[in-house]
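[1] I'd like to go over a predicted model; first the sequence, then the structure.
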Amino acid sequence: MTTLSPIWPAQLDHLRLDSNDPSALADFYATTFGFQASPLGADVQLLQGPGRRLIIGAGDPGARPYHGYRVADRRQLHDIRSSLQTKGVNIEPSPSPLFDEDAVAVRDPDGWLSVFGLPRTGLPSHPVVNTHSALTLSGRLQHVVVATDNLARMTAFYEDILGFTPSDYCSADVHDPTTRKVAFYRSDPEHHSFAVFSASEVRCDHHAYEVDSWNDIRDWADHMSSLQIKLWWGPGRHGPGNNLFFMIKDPHGHQVEISAELEIMPREMAPRVWPLEERSLNLWGPGWIRD
Ligand SMILES: [Fe+2]
C-alpha cells in the first residue's frame with residue numbers, strides 16, 4: 001500500500017520578492033502584472049490581484065525569501081508538521097504575514113524556504129475594479145521554479161521529505177535517471193506547482209501566473225507591448241505540462257511567465273521522462289537551456 005504524502009492538496013499562494021528599492025519593484029509588478037499595493041509595514045507591501053498576491057520587501061536585490069503554499073485545512077497542516085517532525089526535519093518559524101501563525105516553514109538543501117499554511121484573515125482588501133485593465137486580466141499565481149547545482153539532493157528532498165509528486169523529468173539520457181536535469185512536481189492535479197532545473201549555480205529561475213485561455217495570453221502580451229516590454233521567451237508551448245507560455249524579465253533580471261492550458265494529472269499518474277533538448281522545453285521554437 002502506498003503512503004500518501006500530506007502535502008496534497010497545496011497551491012502556491014504567494015511569494016516574497018526582495019529589492020534594494022522595494023517601492024520601485026512593487027510599482028513594476030503592480031503596473032506590469034496587475035496588482036494593487038497595500039502597505040503591511042515598513043518597507044513591506046502586499047500586492048493583490050485576481051487570484052494572485054505577492055509580498056515585496058526590502059532586502060537583497062532579486063532575493064526570493066520564501067514560497068507560500070496554501071493547504072486545505074488545519075488537519076492537513078497538522079499532518080504536514082507531524083510528517084516532517086517524524087523525518088527529523090527542522091521546522092522554522094513562519095515569516096509570512098499572509099498565513100496564520102501555525103504555518104510550517106521548512107528549508108530545502110539550497111536554502112529556499114517553503115511555508116505551508118492557512119490564509120490569515122483581516123488583511124487589507126483591495127478595491128473592486130470595474131474597468132478593463134491589467135487588474136482585471138486573469139492570472140492566478142501558480143508555480144515557482146528554482147535552479148540548482150545539485151539536482152539529486154534537491155529532488156530527494158522534494159520527493160522523499162516534502163512529498164511532492166513528480167510529474168515529468170527531463171534527462172540527458174531518458175533511460176538513465178542519474179542524468180536528470182529537470183524535475184516538475186505537483187501538489188494538486190495541476191502538472192507542477194514547483195520545478196527545479198539543473199544549472200551552474202543556485203538561483204531563482206522563474207515564477208508563473210496561470211490564465212484562463214490563449215486569448216488571455218494575447219491580452220497580456222498586448223499589455224506588455226503597451227508598456228514597451230519585450231517578450232523574453234515565447235510565445236510557445238512547453239512539452240512537460242503542455243502549457244502555452246511567454247516570459248518577460250523583471251527589474252532584477254528574473255523571468256516571469258504567463259501560462260495557459262497547464263496539464264491536469266491525476267495524483268496516481270506516474271512521472272514521464274523527456275529528453276533534455278530545446279523541443280522539450282518549447283515545442284514551437286527555441287528552448288531555454290539553463291547554463
Ligand atoms: Fe514555468
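    Happy to help now that I have it.

[2] name the residues of stretch 255-274 that are buried.
    Buried residues in stretch 255-274, counted by 16 or more other Cβ atoms under 10 Å: 255-263, 265, 271, 273-274. (Each C-beta comes from the backbone N, C-alpha and C, glycine too.)

[3] of those, list those near the ion.
    With Cβ under 5 Å from the ion as the criterion, the buried residues of stretch 255-274 include Glu257 near the ion.

[4] return the member of the buried residues of stretch 255-274 nearest to the ion.
    Glu257 (4.6 Å; Cβ to the ion).

[5] how far is the host helix or strand of that closest one from where the chain is centred?
    Here Glu257, judged by DSSP states H and E, is contained in strand 255-260. The chain centre lies 10 Å from the centre of strand 255-260; the measure is Cα atoms, centre = their mean, to the nearest Å.

[6] same for it, what does it pack against?
    Secondary-structure packing of strand 255-260 (3 or more Cβ pairs under 8 Å, 6 or more residues apart in numbering; DSSP states H and E): strand 203-210, helix 214-226, strand 244-249.

[7] need the contact partners of that strand.
    33, 139, 142-143, 205-214, 216-217, 220-221, 232-233, 243-250 (Cβ atoms under 8 Å, 6 or more residues apart in numbering).

[8] ok so, going back, for the helices and strands packed on strand 255-260, which one ends up most surrounded?
    strand 203-210 (a mean of 22; mean count of other Cβ atoms under 10 Å).

[9] that one pairs with which strands?
    Within its sheet, and counting by DSSP bridges, strand 203-210 is paired with strand 140-148 (antiparallel), strand 255-260 (parallel).

[10] out of those strands, which comes closest to Arg279?
    Ranking those by proximity to Arg279 (Cβ to Cβ) places strand 255-260 first, at 18.3 Å.

[11] after that closest one, which helix or strand is next?
    Strand 255-260 is succeeded, C-terminally, by strand 272-275 (DSSP H and E).

[12] for the ion, tell me whether the helix or strand following that next one is touching it.
    As assigned by DSSP H and E, the chain's next helix or strand after strand 272-275 is helix 278-281. No. Helix 278-281 stays clear of the ion (Cβ under 5 Å from the ion), getting no nearer than 9.9 Å.

[13] returning to what we had before: format the helices and strands packed on strand 255-260 as CSV; extra columns: distance to the ion.
    Converted to CSV, those look like this (distance: least, Cβ to the ion, whole Å):
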stretch, distance to the ion
strand 203-210, 4
helix 214-226, 13
strand 244-249, 7
